[in-house]
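**Q** Provided below are the primary sequence and the corresponding predicted coordinates.
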Amino acid sequence: MVTIRGNNITMNRSDSVFITVTIRDQQGNPYELRDGDVLYFAAKKKATDLDYAIAPKKLIGDVLEITTADTEFLDFGTYSYDVKLVDNKGYISTVISPSNLILTDSMTSIGDNNARYN
């Protein structure tokens, strides 16, 4: 399950989610990606950390895919993420300023060999 409030994302750790990123220009009009434009997502435990919790990854067009592999070994809690646009001329713009990525617990572990079933 994923919940988005403003730019804050809450999701269960190990879930796979697809999120469409909407970009607006400085006048508030929708920005359509052009050929050669690329969006990047990255997350850290704190925005000021040097190490990434989720290394920078390209979006698929305007769709952010967070996979099981991205979060399955991260601790539960709040992380900081942002999204940057590298346009077709090489200019870089932050389109989502550092916001919260909150990983919550879930009960079911798929493929967990240590799980006990009665």
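**A** Sure thing, it's come through.
**Q** show me which residues of the longest strand anywhere in the chain are buried.
**A** With DSSP state E setting the assignment, residue counts place strand 92-104 as the longest strand in the chain. Under the neighbour-count criterion of 16 or more other C-beta atoms under 10 Å, strand 92-104 has V95, I96, P98, S99, L101, L103 buried. The C-beta positions use only the backbone N, C-alpha and C, and glycine is treated the same way.
**Q** check these and tell me the two furthest apart.
**A** Across the buried residues of strand 92-104, the longest distance by C-beta to C-beta is 22.3 Å; it joins V95 and L103.
**Q** now stretch 105-112: mean pLDDT?
**A** Averaging pLDDT along stretch 105-112 yields 68.
**Q** dump the C-alpha coordinates for the longest strand of the chain into CSV.
**A** Only the C-alpha atoms of strand 92-104 are listed here, as CSV (Å, rounded to 0.1, in the frame of the first residue of the first chain):
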residue,chain,number,x,y,z
ILE,A,92,19.6,20.2,-13.7
SER,A,93,16.5,21.2,-11.7
THR,A,94,15.2,19.9,-8.5
VAL,A,95,11.5,19.2,-9.2
ILE,A,96,10.7,17.6,-5.8
SER,A,97,12.7,19.2,-3.0
PRO,A,98,13.7,16.9,-0.1
SER,A,99,10.5,15.2,1.2
ASN,A,100,9.7,12.3,3.4
LEU,A,101,9.7,8.6,2.3
ILE,A,102,8.2,6.7,5.2
LEU,A,103,8.7,2.9,5.3
THR,A,104,6.3,1.0,7.5
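**Q** that concludes my questions; thank you for your assistance.
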